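Enquirer: I would like to see how this sequence folds:
(2 chains)
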Amino acid sequence: MQKQSAFNIHPMDQFIIDPILTGESLEWYSFTNQALWMLISLACISFVFIYGSRKHQLVPGRLQSIAELMYFFIRDMIIDIAGQEGLRYFPYIFTLFILILFGNVLGLLPYSFTYTSHIAVTGFLALSVFITVTAIGFIKNGFGFLSLFWISSAPLALRPILLIIEVISYFVRPVSHSIRLAGNMMAGHAVIKVFAGFAGALGLGAIAPIFAITAVYGLEMLVVVIQAYVFTILTCVYLNDALHPGH
Amino acid sequence: MASTSDNSAVGMPQLDFSTFPNQIFWLAVFCVVLFAIVKFFIIPRMEDIFANRRKIIDGNIAKAEEIRLRVDEIEKKIEEELQNAKSQCDEIMKTSGLNIKEQMASALEDSKVATSQLISEAEGRLKELRDGSEIAIEKISEELASDIIKKITSEKQG
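Expert: The predicted structure is shown next:
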């Protein structure tokens, strides 16, 4: 993957963090391609949600429909999973959703940078969710939150074993939560890049890899949206565990 | 830096921990700005649109409910009118039936009276006729008797 091959395919190059303003040196504050795409994503979000619905139309137009669709989709999801109390955390979850969704979708543009393909980003988000949810659990329920690990509906003999499993699975949550998203994003983009490399090397025979790229791209369109959805719905599930640890 | 001198990735750039502080810094900035946008622009706007829509829908529903009530009232009135008409019809039918019966009874009575009158008249005439005929028979028989007597007497004399 990293060696110069005959095909000259570098599928991982697209993930390199590049300080685009300061040249070579990467400080903690350097403006990078990743930061640029975060900015572009911010612009797109503002365009869809603020410019698109500037007229407060009763019967929404195209852009406002998109905005409303996303907004009420997440809202209903929180109510369905975490109940009415979950609605208090709607701004956080909605922020998370559009951050990931726009990052994923914009990442599909050629020459773009997918900030959600970086484990640092998804890990940060997943850890924030983990810490916030755990804090909410303890603040809302006190030590009653620990009943999440003590399955009272299971036979007494099994409960200590389940306790161990539950505790482990609880602490693995941020890992699976972040790697699922970053892995999906990275794999899809790398696959597209590999096929693109084939296409570049094959000349006229490139029709096959181009066809494959088209297919994979279609699949990726699905995956990026589903992964944003999965990340958000898992956040809701964790939030529900914190709000109602009893069941 | 994740890249070598010819700008090609070594392994996974995702696992180059030297970029983490930078990534997390920008992500944190991004998150805060995005959260502010969501909290202060997107949510108020969406809720406003939604509340407006809700208000109009609720208003229409209330109006529809009002109209439904009015329709119910009108229906009730129609039902009442129908009931009234029905009872009136029954009344008319009953009274007209009685009238017919009365008329028929009186007509029957009239005809009975008329017949009995006719009968008695006819009886009277019959009696008269009978009386008349009795007298006539007597007269004839008297004449006949005198005639016979005359004949007999004349024959005896003759």
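
Enquirer: now the helices: where do they sit in chain B?
Expert: For chain B, applying DSSP state H gives helices covering B:20-37, B:43-157.

Enquirer: worst mean pLDDT among these?
Expert: Comparing mean pLDDT across the helices of chain B, the lowest value falls on helix B:43-157: a mean of 90.

Enquirer: quick one: the residue minimising distance to the centre of chain B from A:Gly52, how far?
Expert: Residue closest to the mean C-alpha point of chain B, counted by CA atoms, centre = their mean, is B:Leu82 at 6.3 Å. Look at B:Leu82 and A:Gly52: by CB to CB, to the nearest Å, they are 57 Å apart. No exception for glycine: its C-beta is placed from N, CA and C like everyone else's.

Enquirer: same question for B:Ile148.
Expert: 150 Å.

Enquirer: cool, and A:Gly123?
Expert: 32 Å.

Enquirer: B:Ile148 and A:Gly52 - which one has more neighbours?
Expert: Between B:Ile148 and A:Gly52, A:Gly52 has the larger neighbour count (other CB atoms under 10 Å in any protein chain shown), namely 20 against 10.

Enquirer: residues contacting that one?
Expert: A:Gly61, A:Arg62, A:Leu63, A:Gln64, A:Ile66, A:Ala67 (CB atoms under 8 Å, 6 or more residues apart in numbering or on different chains).

Enquirer: mind listing which of those residues are in helices?
Expert: Mapping those onto helices (DSSP H) picks out A:Arg62, A:Leu63, A:Gln64, A:Ile66, A:Ala67.

Enquirer: please convert the buried members of these into ChimeraX selection syntax.
Expert: Remark: buried members of the ones in helices among the contacts of A:Gly52, expressed as a ChimeraX selection using 16 or more other CB atoms under 10 Å in any protein chain shown:
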select /A:63,64,67
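
Enquirer: export the ones in helices among the contacts of A:Gly52 to JSON lines and tack on distance to chain B?
Expert: Listed next are the ones in helices among the contacts of A:Gly52 as JSON lines, based on distance: CB to the nearest CB, whole Å:
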{"residue": "A:Arg62", "distance to chain B": "15"}
{"residue": "A:Leu63", "distance to chain B": "12"}
{"residue": "A:Gln64", "distance to chain B": "8"}
{"residue": "A:Ile66", "distance to chain B": "12"}
{"residue": "A:Ala67", "distance to chain B": "7"}
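
Enquirer: wait, which of the ones in helices among the contacts of A:Gly52 is closest to B:Glu109?
Expert: A:Gln64 (92.5 Å; CB to CB).

Enquirer: wait, the closest one touches A:Ser53, no?
Expert: Yes - with contact defined as CB atoms under 8 Å, A:Gln64 counts as touching A:Ser53 (4.2 Å).

Enquirer: can you work out which residues contact both of those two?
Expert: Counting by CB under 8 Å, 6+ apart, the shared contacts of A:Gln64 and A:Ser53 are B:Ile49.

Enquirer: where does the prediction get shaky in chain A?
Expert: Low-confidence segments of chain A, defined by pLDDT under 70: A:1-7, A:247.

Enquirer: can you check which helix is longest in it?
Expert: If you go by DSSP H, chain A has its longest helix at helix A:159-202.

Enquirer: report all helices and strands that that one contacts.
Expert: When contacts are defined as 3 or more CB pairs under 8 Å, 6 or more residues apart in numbering or on different chains; DSSP states H and E, helix A:159-202 sits against helix A:119-141, helix A:207-243.

Enquirer: I'd like to check the angle between it and helix A:207-243, please.
Expert: Relative orientation of helix A:159-202 and helix A:207-243, computed by axes from the mean of the first three to the mean of the last three CA atoms, to 10 degrees: 160 degrees.

Enquirer: tell me, how many residues neighbour A:Phe97?
Expert: Residues contacting A:Phe97 under the criterion other CB under 10 Å number 23.

Enquirer: so what's it closest to, chain neighbours aside?
Expert: Nearest residue to A:Phe97, sequence neighbours excluded (CB to CB, 6 or more residues apart in numbering or on different chains): A:Thr232, at 4.4 Å.

Enquirer: repeat for B:Phe41
Expert: Excluding the flanking residues, the one nearest B:Phe41 by CB to CB, 6+ apart is A:Ile50, at 5.4 Å.

Enquirer: show me the contact partners of stretch A:148-166.
Expert: Stretch A:148-166 is contacted by residues A:Gly137, A:Val167, A:Tyr170, A:Asp241, A:Pro245, A:Gly246 when judged by CB under 8 Å, 6+ apart.

Enquirer: same thing with stretch A:222-241?
Expert: Under CB under 8 Å, 6+ apart, the answer for stretch A:222-241 is A:74, A:77-78, A:81-83, A:86, A:89, A:93, A:96-97, A:100-101, A:104-105, A:107-108, A:116, A:122, A:125, A:129-130, A:133, A:136-137, A:148, A:173, A:177, A:180-181, A:184-185, A:188.

Enquirer: now those: which count as buried?
Expert: Those of those that meet the buried threshold are A:74, A:77-78, A:81-82, A:86, A:89, A:93, A:96-97, A:100-101, A:104-105, A:107-108, A:116, A:122, A:125, A:129-130, A:133, A:136-137, A:148, A:173, A:177, A:180-181, A:184-185, A:188, by 16+ other CB under 10 Å.

Enquirer: pretty sure A:Ala120 contacts B:Gln14?
Expert: Yes - taking contacts as CB under 8 Å, A:Ala120 lies within contact range of B:Gln14: 7.3 Å.

Enquirer: the two: who's more crowded?
Expert: B:Gln14 (26 against 23).

Enquirer: and the more buried one, how far from A:Ala208?
Expert: In terms of CB to CB, B:Gln14 sits 30 Å off from A:Ala208.

Enquirer: what do you get for A:Thr232?
Expert: 37 Å.

Enquirer: now do A:Ile78
Expert: In this view, A:Ile78 and A:Ala208 are 45 Å apart by CB to CB.

Enquirer: again, but for A:Phe31
Expert: Computed as CB to CB, the A:Phe31 to A:Ala208 distance reads 40 Å.
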